[in-house]
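Asks: sequence unknown, structure follows:
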């Protein structure tokens, strides 16, 4: 299987993904331009993600695989599970595959998901105890320019052959790729992700509270401070530092996203005002204006495209 697609709609992009269970929250207004490539081989599933607006990414990696992230170039920079990741840092998702990331306006990475079979086969040939221990959990590690160049070349070599099913035996390159990535952990300073900083822990707690609120209950900043037991100053700083938004702006973005999700799942004939009011939007003129700025379309246009 292979596919390459361009998108301007976030939901259409998410629906196109195979194996991933993802929930994105755009942190910038307007359409969400992206390019996605998906390439499935015998024991390897490569994803090619290119996002051009800041976005919060949450969800889970494909089941039955361990997933690594390889930046496509050295200019990549994003925040992942309490750590800053740059273009020379590789990362390994934890065994449960949980994703929590905030990416900037130019996020370009390869995700490399290896089957347990090929990982075990490669690990049998690895003598390093460090690698065998590191692979058990989540990791980030710096890679030299030379090794990173070789890893990227192997990935691109596989991708270039993905359109030749039946004419190309990928297993040799797949094994070379998994071996190269594993060996890169031995020749660098890899480290398990440490405990998150207090501010990041507070941020995650607040985001979980915002997302757990029932539709008929509206989260406010004062409620957030009370329920999280975190000061307003800490919350304000954490959101601004990580998202570039105030807590109120984040809550508004999230509620607008929930309205859009519900409109797109509604039957035709649903009342936009009823859906909007569930999430605290009472002034329809202002709501429609905010909605269009965020998604590049009116609420009525989302409803027309509903199921």
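Replies: Received, thanks. Not measured: the values here are computed from a predicted model.
Asks: for this structure, what's the longest helix?
Replies: helix 247-265 (DSSP state H).
Asks: Tell me the helices and strands packed up against it.
Replies: helix 10-16, strand 21-26, helix 198-212, helix 221-228, helix 232-243, helix 272-278, helix 284-295, helix 299-304 (3 or more CB pairs under 8 Å, 6 or more residues apart in numbering; DSSP states H and E). Quick note: C-beta positions are derived from backbone N, CA and C, even for glycine.
Asks: Could you rerun that using 7 Å?
Replies: Packing partners of helix 247-265 (3 or more CB pairs under 7 Å, 6 or more residues apart in numbering; DSSP states H and E): strand 21-26, helix 221-228, helix 232-243, helix 272-278, helix 284-295, helix 299-304.
Asks: Just give me how far that helix sits from the chain centre.
Replies: 18 Å (CA atoms, centre = their mean, to the nearest Å).
Asks: Just the residues contacting it, thanks.
Replies: Applying CB atoms under 7 Å, 6 or more residues apart in numbering, the external contacts of helix 247-265 come out as 11, 25, 27, 210, 219, 221, 224, 235-236, 239, 243, 245, 272, 275-276, 279-281, 290-291, 294-295, 299, 302-303, 305-307.
Asks: and the angle from it to helix 284-295?
Replies: 90 degrees (axes from the mean of the first three to the mean of the last three CA atoms, to 10 degrees).
Asks: Helix 247-265: which residues count as buried?
Replies: 247, 250-260, 262-263 (16 or more other CB atoms under 10 Å).
Asks: and the angle from that helix to helix 198-212?
Replies: 30 degrees.
Asks: Next one: residue 289 from residue 281, what distance?
Replies: Separation of residue 289 from residue 281 (CB to CB, to the nearest Å): 11 Å.
Asks: Out of those two, name the residue with the larger neighbour count.
Replies: Between residue 289 and residue 281, counting by other CB atoms under 10 Å, residue 281 is the more crowded of the two (22 against 12).
Asks: if you skip the residues just before and after it, what's nearest to that one?
Replies: Counting by CB to CB, 6 or more residues apart in numbering, residue 281 lies nearest to residue 287, which is 4.1 Å off, once chain neighbours are set aside.
Asks: residues near that neighbour, how many?
Replies: Residue 287 has 20 nearby residues by other CB under 10 Å.
Asks: Determine which residue lies closest to the centroid of this structure.
Replies: residue 57 (3.4 Å; CA atoms, centre = their mean).
Asks: Distance check, that residue against residue 273.
Replies: Distance from residue 57 to residue 273, by CB to CB: 31 Å.
Asks: moving C-terminal of the host helix or strand of residue 84, what's the next helix or strand?
Replies: Using DSSP states H and E, the secondary-structure element containing residue 84 is strand 83-86. Heading C-terminal from strand 83-86, the first helix or strand you meet, by DSSP H and E, is strand 89-92.
Asks: Nothing else from me, thank you.
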